[in-house]
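1. model this:
(2 chains)
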Protein chains: 2
Amino acid sequence: MPSYTAPVKDMQFILHDVLKASESDIPGYDELDRDFTAAILEEAGKISSEVLAPLNAVGDVEGCRLENGVVYTPTGFKEAFEQMREGGWTGLDCDPDYGGQGMPYVLGVATGEMFTAANMAFTMYQGLTHGAYSAIHAHGSDAQKQTYLPKMVTCEWTGTMNLTEPHCGTDLGLMRTKAEPQDDGSYRITGQKIFISAGDHDMSENVIHLVLAKIPGGPDGIKGVSLFIVPKSIVREDGTPGERNGVSVGKIEEKMGIHGNATCVMNYDGATGWLLGEAHKGMRAMFTMMNEARLGVGMQGLAVAEAAYQNGLSYARERLQGRAVTGAENKDGPADPLIVHPDIRRSLMDQKSFTEGARAFVLWGAQMIDQAHRMDDKTAEGAISLLTPVLKGFLTDQGFDMAVLAQQIWGGHGYIEEQGMSQFARDARIAMIYEGANGVQALDLVGRKLAAEGGKPAMAFFEMIKGFCKENAGDEAFARDFVEPLKTASKHLQEAAMFFMQNGMKNPNHALAGSYDFMHLFGHVCLGLMWSKMALAAQAKLAEGDGDTAFYETKIATGRYYMARRLPATAMHLARITSGADTVMALDAANF
Amino acid sequence: MPSYTAPVKDMQFILHDVLKASESDIPGYDELDRDFTAAILEEAGKISSEVLAPLNAVGDVEGCRLENGVVYTPTGFKEAFEQMREGGWTGLDCDPDYGGQGMPYVLGVATGEMFTAANMAFTMYQGLTHGAYSAIHAHGSDAQKQTYLPKMVTCEWTGTMNLTEPHCGTDLGLMRTKAEPQDDGSYRITGQKIFISAGDHDMSENVIHLVLAKIPGGPDGIKGVSLFIVPKSIVREDGTPGERNGVSVGKIEEKMGIHGNATCVMNYDGATGWLLGEAHKGMRAMFTMMNEARLGVGMQGLAVAEAAYQNGLSYARERLQGRAVTGAENKDGPADPLIVHPDIRRSLMDQKSFTEGARAFVLWGAQMIDQAHRMDDKTAEGAISLLTPVLKGFLTDQGFDMAVLAQQIWGGHGYIEEQGMSQFARDARIAMIYEGANGVQALDLVGRKLAAEGGKPAMAFFEMIKGFCKENAGDEAFARDFVEPLKTASKHLQEAAMFFMQNGMKNPNHALAGSYDFMHLFGHVCLGLMWSKMALAAQAKLAEGDGDTAFYETKIATGRYYMARRLPATAMHLARITSGADTVMALDAANF
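-> The predicted structure follows:
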């Protein structure tokens, strides 16, 4: 049975030594001193290891079940959810006006990584609620906010997002669900939504569905889509859930993973809904939460990879098999532990250098979101909008690959369900798909974000790397191990962007055929930057003679690995990109 | 529900236009004319599509069950197995002296790809039997051959391979199962074996277990391991199964995939066994079948990728979502099919160029095995021994990746079990693990095969590529699209081998830390070679004005894609390799 230990020390290092959170002038960050964040992270780590992680396999094996219209979550979920509520974990970064604790988003993401690593399917109930909370918070009327938010902050009521229909996922303009206006200002919602995570369950007294639908007579396609609040039980004047609404669970899907989360077919049969935000501006309302939601999914990729890595590592330390090629290391034992073998090291270092780099990337992204929201900083908004598809697409693809690597260390035992390594791979797989499949992220990055604001955020990113490289060229060893590889990788990224500009004009396929590789190239550059910053911070700590020498030396060594062994992928991606669209689009569809 | 269409045309092209099978002087190949192989492949394709494929999901959902010591296979498996027997498919490439049809192994592999693509879990019952058949055929006494082989050729009796124990998989020297000699020349076998594919089931009247065990008093470690025949029911004088032997199924494992195959814990409790081959030479006996067995697993990687690709493709053609960026292509419809989108093309082309290249690689490998066995050709033996870990490791890693890509095309629907795309990914996953985990393949390649016979097979491989490039440098377009990329990739491979030679001497970790990347680098070179040969063959057919122009043009275009878009991976692998072992081995095991 896998276990999970929260990476508190690593998060503290990133928050304080790399991002220097408490020195930031983002409102609220002044509270984030070392002791304060340590206390929160320790507590979150404790509930993750002790309460959530033991339920991860339970959720996988039992799944959710639908009986007489009621959805039951796996054994123990209800009690654990209650503990999350009591601990105040559901409203950590929510608005104090509605009962939240008002902490920065960056702390919500750090604790969210722990909860997700311990139990992804479970944590989604809370994650979806947070997404719906954000939408209502951003676009709701005062009355709507008063009605729904306090209950959603505590997760007494949970939330869902209803976008997909059987015939449309990415292309929401094809949507058929309709919302007919009623005399009392409400709407009658009719249609079917599928793949609704946390769609219904027995852990809260109400479920607040946010539903995209079309008001008849509105514009065609995506411009005619509006967003509605459709509660499972209609809220009475006194604020308590009353009459059941015309929404029901059609079925719970049998999925490859995240069995503990009820992925529902939701049937809206003339359900009563209320417009959230403006009519026909539903997509825009969704977009305002998109950076957060997608960063959250990228974080899931990292979180599951971390949990898988920890258990791959413990097996590599314990399992005795073969002898080190350089001479036996466990002479008194029948064989050496797996970890002596260079190829096992290669696998572990790929994983470790990914998860730690990804963690810095995610927290940096969360800090940018805080900066954008709390300071209304348009530059930060532009930067995080550019990086969002990279955070989502790159981290979930890599997160899955890393979970597969961790599973592989276990050999045949990794393929046996009761060992739990398969679950990591199966759970991680969904993050590549939902919240915009990764191909759509790549399209968003190259087709939209790269040229957004006349390319200003992209240029600023390149300049920032250039500035970093210039500033840190002085230290010879650091320049050789970090600055030079980062410079090369960044050059590849710019060459790729240039290729798109030069060739995408005459034929947009030249840009889009390279979009997926560009997303990965970009991701490697970001992790290369994160590792360079982490190594620099670790060097500084070592120079100060402060604290845990082994920790900082390990940081630098792991960074060197990433720069030497992972970053060379950028050249491959560039080669794929600059080969253009011709070979990609050569075949007639009939000839595949 | 996924469907499967056997790639008969592609196999015919490879067998006849690329490998020129019937022109070969390998005994038995003269029979392989176009019409003959077409007839066989068509028939095998038919039973694959019509009988085996419809049972694939059934096997996944139902799995196998153990009741009162009896293992039951999923609904329909028994009848399908009977059809395979009746069609003579179980003994296609077996020795006619024991009732086989005596066809070349290459045909067994081609039909095996179809059966596996249609239903991997089902086909393993037959595949394991073939492996055990080969071991007895190679090492058995005449009496043993007479007793077991005729029944195994028909799969009236099936076979298993028992190597792994709970505490040892790769490191078989740690084995505890013991074989105590009895006065009658038999042995009493006692111990537990795990992960025994097709370990027991209700489709045959006997199961012939091949079991590795140690005779007490023999040499320590791997040199003290012997191979035994342990039938489930002891065969009577008249050749019929009699008394039940002391072997039983402890449990059936719950696995990530291949649910239709009964992966058993086998308990040997003083079971009667007979030595197969010489005492203490059990590993050597296993090794003689290893090339075949591992090529067979590599083929599984390809086969599942092909089945997944076909279903990814059909979804890409049917699912309407979004519009082509270059202008609507399905103007009368609500949206264009997915296949218009460049990133979907990128995914499909990655898959198509892999499966077709892999197919050529596998059949070329099978031809070498025929050449080695049927002509006792030591050069061919050396070549296939070198390529075997590449066939196994590269094709199963890539096969899994491709199944994941195909699943991704389906978006959210790909994550829902009833659509069947998840099964391809889950089934394909095991091929990376069993028959020597892929890390062990890489170790075998770099630690053993590369330097085997003083490096002769490796040098011959490089020379062969060099010769090919020289011969075909004349055609300008071909040289640009195929010869040049192949030359570069081959140069990377040689540089990597050189790096190992120069650095592995002083520190073997420098070689082993790059072994996994070397295996992939090697795989890309092999597929680059295959694509160059296929493109050449297609060009020749076009020049002859022969037949299906679209097929040959598609071949060349797909080859161009591989050379332009996949082969650049070799530079990345080389960079990882030549970065050496320092960053890989830098951390103290305690500091991970």
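2. Which secondary structure state does the residue nearest to A:F522 when sequence neighbours are not counted sit in?
-> Setting aside the residues directly before and after it, A:F522 is nearest to A:V390 in space (C-beta to C-beta, 6 or more residues apart in numbering or on different chains), at 4.7 Å. C-betas here are computed from N, CA, C, even on glycine. Following DSSP: H, G, I helix; E, B strand; the rest coil, the label given to A:V390 is helix.
3. pLDDT at A:V390, what is it?
-> Per-residue pLDDT puts A:V390 at 98.
4. any idea how far chain B is from it?
-> With distances taken as C-beta to the nearest C-beta, to the nearest Å, A:V390 is found 15 Å from chain B.
5. in terms of contact, does that residue touch A:F518 like I think?
-> No: applying C-beta atoms under 8 Å as the test, A:V390 and A:F518 come out as separate, 9.2 Å apart.
6. Overlap in contacts, the two.
-> Residues touching both A:V390 and A:F518 (C-beta atoms under 8 Å, 6 or more residues apart in numbering or on different chains): A:L445.
7. which parts of the stretch 451-592 of chain A sit against chain B?
-> Residues of the stretch 451-592 of chain A lying near chain B by C-beta under 8 Å from any C-beta of the partner chain: A:507-509, A:512-513, A:515-516, A:550-551, A:553-554, A:557-558, A:560-561, A:564-565, A:568-569, A:571-572, A:575-576, A:579, A:581, A:583-589, A:591-592.
8. Just the buried ones out of those, please.
-> Applying 16 or more other C-beta atoms under 10 Å in any protein chain shown to these, the neighbour count classes A:507-509, A:512-513, A:515-516, A:553-554, A:557-558, A:560-561, A:564-565, A:568-569, A:571-572, A:575-576, A:579, A:581, A:583-587, A:592 as buried.
9. So which bits of the stretch 51-200 of chain A are right by chain B?
-> Contact residues, the stretch 51-200 of chain A versus chain B (C-beta under 8 Å from any C-beta): A:164, A:167-171, A:174, A:194-195.
10. ok, so of those residues, who is nearest B:A535?
-> Of all these, A:T170 has the smallest distance to B:A535: 34.9 Å, by C-beta to C-beta.
11. and A:M161, what does it touch?
-> A:M161 touches A:128, A:131-132, A:135, A:196-197, A:210, A:286, counting by C-beta under 8 Å, 6+ apart.
12. Likewise for A:K392?
-> Contact partners of A:K392, counting by C-beta under 8 Å, 6+ apart, are A:294-295, A:297-298, A:435-436, A:438, A:441.
13. quick one: the helices in the stretch 1-150 of chain A?
-> For the stretch 1-150 of chain A, the helices defined by DSSP state H, counting those that start in this stretch cover A:8-12, A:34-47, A:56-62, A:77-86, A:105-118, A:120-139, A:142-153.
14. Serialize those to JSON lines and add fields for mean pLDDT and mean neighbour count.
-> Below are the helices of the stretch 1-150 of chain A laid out as JSON lines (pLDDT from 0 to 100; neighbours: other C-beta atoms under 10 Å in any protein chain shown):
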{"stretch": "helix A:8-12", "mean pLDDT": "98", "mean neighbour count": "18"}
{"stretch": "helix A:34-47", "mean pLDDT": "98", "mean neighbour count": "17"}
{"stretch": "helix A:56-62", "mean pLDDT": "98", "mean neighbour count": "21"}
{"stretch": "helix A:77-86", "mean pLDDT": "98", "mean neighbour count": "17"}
{"stretch": "helix A:105-118", "mean pLDDT": "98", "mean neighbour count": "28"}
{"stretch": "helix A:120-139", "mean pLDDT": "97", "mean neighbour count": "24"}
{"stretch": "helix A:142-153", "mean pLDDT": "98", "mean neighbour count": "19"}
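15. export these to CSV and tack on distance to A:A425?
-> Output for the helices of the stretch 1-150 of chain A, formatted as CSV (distance: least, C-beta to C-beta, whole Å):
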stretch, distance to A:A425
helix A:8-12, 23
helix A:34-47, 24
helix A:56-62, 12
helix A:77-86, 22
helix A:105-118, 14
helix A:120-139, 12
helix A:142-153, 32
